[in-house]
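**Q** Got a sequence here, can you build the structure:
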Amino acid sequence: MIKEALEYIVGLKTPFIAEIDGKKYSDKKLGIIEPTKYYADSFKVTTLSSFVEYIKSNKDKFDYGKAIIHIESYNKVLLFSALDEFKRRERYIECKADVPAFDFGRFYDTENFNIKLQALFCDAADKSKVLKIAGNIKSENADTVADDGVTQVVRTKKGVVLGEDEFVPNPVELAPYRTFTEIDQPVSKFIFRINNGPEMALFEADGGAWKLIVIQRIKEYLTEAMKGDSNTRNITILA
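**A** Residues are numbered from 1 along each chain as shown. A predicted model of the protein is given here:
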């Protein structure tokens, strides 16, 4: 206790600063005292059009001379101020996409799979082909005839007596809604699998490359939307 008390007393002493060979030394560690700066809560929006409109209107009279738009991910964009004298940035607005969720890697029954495929995917690429297979497979008959791990052959029942073999394409190319609706949803590859039950699932098969495509498309959208506007011409976009 005596040691701690002495250290506390010594710590209260005014620091001694000496200059030797043009360099200043102190017998204590000094730190800069930053003044309190109050930041307003950033706006939160879900569409790129709202994000752009906020910036172009500049209702809050911000100085956009050194502002930065950071495309943080495929579904999140932020607008930051320039650094202040203490290297701090203010976040003006945050835009995060509100997109429906499809659980890739999860097996759905045929009814739910069919509904989600129609509701959560754009009408592009192999969507109609996958829908046809999903619609033809009935719960009472979905026998796997052949499966080499890549290509499946599934026997589907049509009517009462007709049995028909259908090749399940793999990989399939689909465009699910995964980012802001203002930009074209990227088409990417998926592994389409069918289990007895029957149940169906889609597994992502592009290593996440679609995210890079989306980020570039967001940048292109923002660049075009803000082109020629006096409030936004000096804003830097980082993707």
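**Q** where's N231 relative to T223, distance?
**A** 15 Å (C-beta to C-beta, to the nearest Å). C-beta: built from backbone N, CA, C; applies to glycine.
**Q** What of G197?
**A** As for G197, its distance to T223 is 48 Å (criterion: C-beta to C-beta).
**Q** Neighbours of K219, how many?
**A** Look at K219: counted by other C-beta atoms under 10 Å, it has 17 neighbours.
**Q** For it, grab phi and psi.
**A** K219 adopts backbone torsions of phi -60, psi -40, taken as degrees, to the nearest 10.
**Q** list the contacts for it?
**A** If you count contacts by C-beta atoms under 8 Å, 6 or more residues apart in numbering, K219 has them with 71, 237, 239.
**Q** This protein - how does it break down into domains?
**A** Domain assignment for the chain, taken from automatic domain parsing, gives 43-97+217-238, 108-213.
**Q** Strands of this structure, residue ranges please.
**A** With strands called from DSSP state E, the chain shows them at 17-20, 23-26, 43-45, 68-73, 76-80, 91-96, 108-109, 142-147, 152-158, 162-168, 172-174, 188-195, 199-204, 236-238.
**Q** where among those is the average confidence lowest?
**A** Out of the strands of the chain, strand 142-147 stands lowest, with a mean of 44 (criterion: mean pLDDT).
**Q** Listing request: residues of this structure with sub-threshold pLDDT.
**A** Applying pLDDT under 70 to the chain flags the ranges 1-13, 27, 30-39, 138-168.
**Q** now the helices: where do they sit in it?
**A** Here the chain has its helices, by DSSP state H, at 2-11, 48-57, 110-120, 127-136, 209-225.
**Q** how much does the third one deviate in direction from strand 188-195?
**A** Our comparison of helix 110-120 with strand 188-195, counting by axes from the mean of the first three to the mean of the last three C-alpha atoms, to 10 degrees, yields an angle of 170 degrees.
**Q** So which bits of helix 110-120 are buried?
**A** 110, 113-114, 116-117 (16 or more other C-beta atoms under 10 Å).
**Q** now the second one
**A** For helix 48-57, burial by neighbour count (16+ other C-beta under 10 Å) applies to 48, 51-52, 54-55.
**Q** G135 - nearest residue in space that isn't next to it in sequence?
**A** Once flanking residues are discounted, G135 sits nearest to N114: 6.3 Å by C-beta to C-beta, 6 or more residues apart in numbering.
**Q** The one you found: what's it in contact with?
**A** Neighbour list for N114: 131, 134-135 [criterion: C-beta under 8 Å, 6+ apart].
**Q** could you flag which of those are buried?
**A** Neighbour counting by 16+ other C-beta under 10 Å classes 131, 134 among the contacts of N114 as buried.
**Q** Same list, the contacts of N114, but as TSV with distance to W210 please.
**A** Shown next, in TSV, are those (distance: C-beta to C-beta, whole Å):
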residue	distance to W210
L131	21
A134	22
G135	26
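**Q** Nearest to G65, out of the contacts of N114: which one, please.
**A** Using C-beta to C-beta, L131 is the member of the contacts of N114 that sits closest to G65, with 51.4 Å.
**Q** how far away is the residue lying closest to the closest one once chain neighbours are set aside from L202?
**A** Leaving aside its sequence neighbours, L131 sits nearest to L117 (C-beta to C-beta, 6+ apart; 5.9 Å). Distance of L117 to L202, computed by C-beta to C-beta: 9 Å.
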